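[1] Give me the fold of what follows.
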Amino acid sequence: MTNDPKNQRGPRGRRDNRDNRDDRRGGDNREEREELQERVIDITRVAKVIKGGRRFAFRTVVVVGDGNGRVGIGIGKARGVPDSIRKGTDRARRQMKSVYLSGTTIAHPVIAEFGGAKVLLRPAAPGTGVIAGGSVRAVLEAAGIRDILTKSQGSANMLNVAMATLTALEQLRSPEQTAAMRGKPINSVRPFWERKKEEASNG
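    Residues are numbered from 1 along each chain as shown. Take a look at the predicted model:
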């Protein structure tokens, strides 16, 4: 039996190394969670009919965004509210999508439908604020939009309205792409306040 310290590897050393790795991973996850905005926009109790009665659970709709053009919506379902929120948050993180922003607003008007919900988004001048309510406001603010005009038509279902808002954001294009599609100059498709600002700077 040798006293070589290289051969004396006990389970405690391996456990300590594993704990250190877990701590590092946990720290990275905590930092990522702090960077993202999480909002619960709807909690609904649902029932599933099974043999012997009904089984109740909670469905949660969660919006996650980084405030800089990335946003996602997740749906979680569990017997308890905390578990459903956690599932919805995890799914929203995995389904985050990038949207095009023009400063603090959007580049052009857009309309989208999801289910029975219909949402209209229009760009607004700086300082206007987010003129929206409910789940539309939650999705827009999570994406990083600070100035916009909106109108929600049709169904008032929170999930459908949120998904319609996300669908509208996915349809956004840059002024260069819009001008190329329409065959017009770039200045003609830019918002009027940007055109005025450019004219003032040139003049």
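[2] can you pull the contacts of the residue nearest to Pro191 when sequence neighbours are not counted?
    Sequence neighbours aside, Pro123 is the residue nearest to Pro191 in space, at 5.2 Å (criterion: CB to CB, 6 or more residues apart in numbering). Where you see a C-beta, it was placed from the backbone N, CA and C, and this is true even at glycine. With contacts defined as CB atoms under 8 Å, 6 or more residues apart in numbering, the neighbours of Pro123 are Ser102, Thr105, Ile106, Ala107, His108, Pro109, Asp147, Ile148, Leu149, Pro191.
[3] Quick one, grab the pLDDT at Pro123.
    On pLDDT, Pro123 comes in at 91.
[4] Secondary structure element holding Ala180?
    Using DSSP states H and E, Ala180 falls within helix 175-182.
[5] ok now that helix, how far from the chain's centre?
    Taking the mean of its C-alpha atoms, helix 175-182 sits 26 Å from the chain's own mean (CA atoms, centre = their mean, to the nearest Å).
[6] Please enumerate residues in contact with it?
    By CB under 8 Å, 6+ apart, the list of residues contacting helix 175-182 reads Ser102, Ala107, His108, Arg173, Pro185, Ile186, Ser188, Val189, Arg190.
[7] Buried residues of the helix or strand following that helix, list them for me.
    Going down the chain from helix 175-182, the next helix or strand is helix 186-189, by DSSP H and E. By neighbour count with 16 or more other CB atoms under 10 Å, helix 186-189 contains the buried residues Val189.
[8] What is helix 186-189 packed up against?
    Packed against helix 186-189 by the contact rule (3 or more CB pairs under 8 Å, 6 or more residues apart in numbering; DSSP states H and E) you find helix 175-182.
[9] So which bits of the helix it packs on are buried?
    Applying 16+ other CB under 10 Å to helix 175-182 flags Pro175, Thr178, Ala179 as buried.
[10] likewise stretch 96-107?
    Going by 16+ other CB under 10 Å, stretch 96-107 has these buried residues: Met96, Val99, Tyr100, Leu101, Ser102, Thr104, Thr105, Ile106, Ala107.
[11] got it, and stretch 114-122?
    For stretch 114-122, burial by neighbour count (16+ other CB under 10 Å) applies to Phe114, Ala117, Lys118, Val119, Leu120, Leu121, Arg122.
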